[in-house]
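*Asks:* Predicted structure and sequence below. I'll ask about it afterward.
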Amino acid sequence: MPTVVRTAAELRAATSGTVALVPTMGALHDGHGSLMEHARPLAETLVVSIFVNPTQFAPEEDLDAYPRTFEADLERCDAAGVDVVFAPTVEEMYPHGLDGAIMVDPGPLGSILEGAARPTHFRGVLTVVAKLFGLVRPDVAVFGEKDYQQLTLIRLMAQELCLGVDVVGCPTVREADGLAMSSRNRYLTASERERAAAISAALRAGVDAGPDGPEAVLHAAGKVLADAGIDPDYLVLTSPDLGPAEAGRESRLLVAARVGRPRLLDNCAVPLGADAKNRGK
Ligand SMILES: Nc1ncnc2c1ncn2[C@@H]1O[C@H](COP(=O)(O)OP(=O)(O)OP(=O)(O)O)[C@@H](O)[C@H]1O
Ligand SMILES: CC(C)(CO)[C@@H](O)C(=O)[O-]
Ligand code: BAL
């Protein structure tokens with residue numbers, strides 16, 4: 001079993017050599033498993049953090065209801081060869097309280113897409129990730145592409161604040177019908193769960209329409225969502241770094257939609273126009 005540590009002092013004693021970190025909020029599934037597998041060969045010590053971070057939840061969100069499955073999480077970490085599970089208390093992470101703390105400003109990229117729907121979210125995410133980097137001192141940290149804007153912002157933060165951590169992204173792990181795995185999928189009823197498959201189907205339709213250009217991509221993806229009765233919060237095509245999409249280039253198609261209780265996210269790469277046609281040859 002991994003060594004479970006709760007404080008910064010215990011963490012220091014438990015880690016040595018090069019360190020890889022996989023930050024999570026627990027309720028671990030195969031998506032997290034793939035991050036651990038990816039991270040395992042990258043360093044001598046593999047640390048997984050499990051911390052449901054209050055500052056990234058708005059008051060009306062599901063902080064209290066967020067699934068907590070610590071014993072099962074430990075088993076999963078054990079199976080993935082994790083050395084250390086860092087599961088701090090809120091007091092350990094926020095010794096000066098949740099309001100009085102210094103917070104990381106995510107800048108303009110933090111207020112679009114997810115940030116438009118959750119205005120304080122990325123401030124909380126970047127702050128806790130910066131703290132985790134400071135506590136764990138990883139050489140490398142691994143995050144999922146499922147939360148693409150989060151990954152983009154963490155990469156940017158590591159560069160701009162010269163944190164000396166190599167930020168690595170991993171592909172999204174999906175259920176058999178294409179739905180991106182997510183801890184919040186458990187909030188879906190059986191009929192919502194069936195309907196939710198349309199989100200990844202919409203992305204696939206968007207990719208297929210890539211050779212015909214950006215408008216065709218958005219139209220094809222939007223139609224699949226509409227046919228399933230899903231009204232997306234956003235469905236956008238951007239450049240890989242979340243700027244404007246450029247014809248003839250690789251782009252990113254991102255979607256967020258509420259299906260019943262949870263807000264589901266997904267995204268994928270979409271080659272556009274000439275680029276997509278060339279790849280098809
Ligand atoms: N299906 C997935 N494939 C790959 N990585 C994933 C997947 N789901 C989550 N991750 C990654 O795991 C890390 C921890 O995420 P988190 O604990 O919030 O899980 P989650 O399933 O995304 O939960 P939530 O439902 O709250 O969004 C993040 O880097 C996230 O991008
Ligand atoms: C990166 C993270 C662990 C920070 O709390 C969280 O946002 C998540 O699980 O994606
Ligand atoms: N994986 C993103 C965490 C959140 O929604 O708070």
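*Replies:* That came through, no problem. Ligands and ions are numbered 1, 2, ... in the order given.
*Asks:* use CA for all of it now, contacts and neighbours both
*Replies:* Will do.
*Asks:* Can you find which helix in the chain contains the most residues?
*Replies:* Taking DSSP state H as the criterion, the chain has its longest helix at helix 190-208.
*Asks:* Run the contact check for that one versus ligand 1.
*Replies:* No. Counting by CA under 6 Å from any ligand atom, ligand 1 has no neighbours in helix 190-208; the shortest distance is 11.7 Å.
*Asks:* tell me which residues of that helix are tucked away?
*Replies:* 193, 195-208 (16 or more other CA atoms under 10 Å).
*Asks:* Now do the nearest residue to residue 44 once chain neighbours are set aside against residue 40, distance only.
*Replies:* Of all residues not flanking residue 44 in the chain, residue 18 sits nearest, at 5.2 Å (CA to CA, 6 or more residues apart in numbering). Distance of residue 18 to residue 40, given as CA to CA, to the nearest Å: 11 Å.
*Asks:* What of residue 24?
*Replies:* Relative to residue 40, and taking CA to CA, residue 24 is found at 15 Å.
*Asks:* These two: which is more packed in?
*Replies:* It is residue 40, of residue 24 and residue 40, that has more neighbours when counted by other CA atoms under 10 Å, with 21 against 16.
*Asks:* distance of that one from residue 30?
*Replies:* Taking CA to CA, one finds residue 40 at 15 Å from residue 30.
*Asks:* Pull up the per-residue confidence for the residue nearest to residue 44.
*Replies:* Note for residue 18: predicted pLDDT of 98.
*Asks:* Surely it and residue 41 touch.
*Replies:* No. Using CA atoms under 8 Å, residue 18 is not in contact with residue 41; the gap is 10.7 Å.
*Asks:* is it fair to say residue 59 lies in a helix?
*Replies:* No. Using DSSP: H, G, I helix; E, B strand; the rest coil, the assignment for residue 59 is coil, not a helix.
*Asks:* on that earlier part again, residues making contact with the longest helix of the chain?
*Replies:* 177-180, 185, 216-225, 228, 253, 255, 259-260, 266-271 (CA atoms under 8 Å, 6 or more residues apart in numbering).
*Asks:* can you check stretch 217-233 too?
*Replies:* Residues contacting stretch 217-233 (CA under 8 Å, 6+ apart): 195, 198-199, 201-210, 235-237, 255-259.
*Asks:* Neighbour count: residue 18 and residue 41, which is higher?
*Replies:* More crowded of residue 18 and residue 41, by other CA under 10 Å: residue 18, with 14 against 11.
*Asks:* show me what contacts the more buried one?
*Replies:* Residues in contact with residue 18 (CA under 8 Å, 6+ apart) are 43-45, 138-139.
*Asks:* Secondary structure added to those, as JSON lines?
*Replies:* Output for the contacts of residue 18, formatted as JSON lines (three-state DSSP):
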{"residue": "43", "secondary structure": "coil"}
{"residue": "44", "secondary structure": "coil"}
{"residue": "45", "secondary structure": "strand"}
{"residue": "138", "secondary structure": "coil"}
{"residue": "139", "secondary structure": "coil"}
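*Asks:* Just name the closest of those to residue 63, please.
*Replies:* residue 138 (26.9 Å; CA to CA).
*Asks:* Kindly state the beta-bridge partners for residue 144.
*Replies:* Counting by DSSP bridges, residue 144 is bridged to residue 170.
*Asks:* Could you verify my assumption that residue 68 touches residue 27?
*Replies:* Yes. Counting by CA under 8 Å, residue 68 does reach residue 27; the two are 5.6 Å apart.
*Asks:* per the record, what domains does this protein have?
*Replies:* 3-170, 183-275 (automatic domain parsing).
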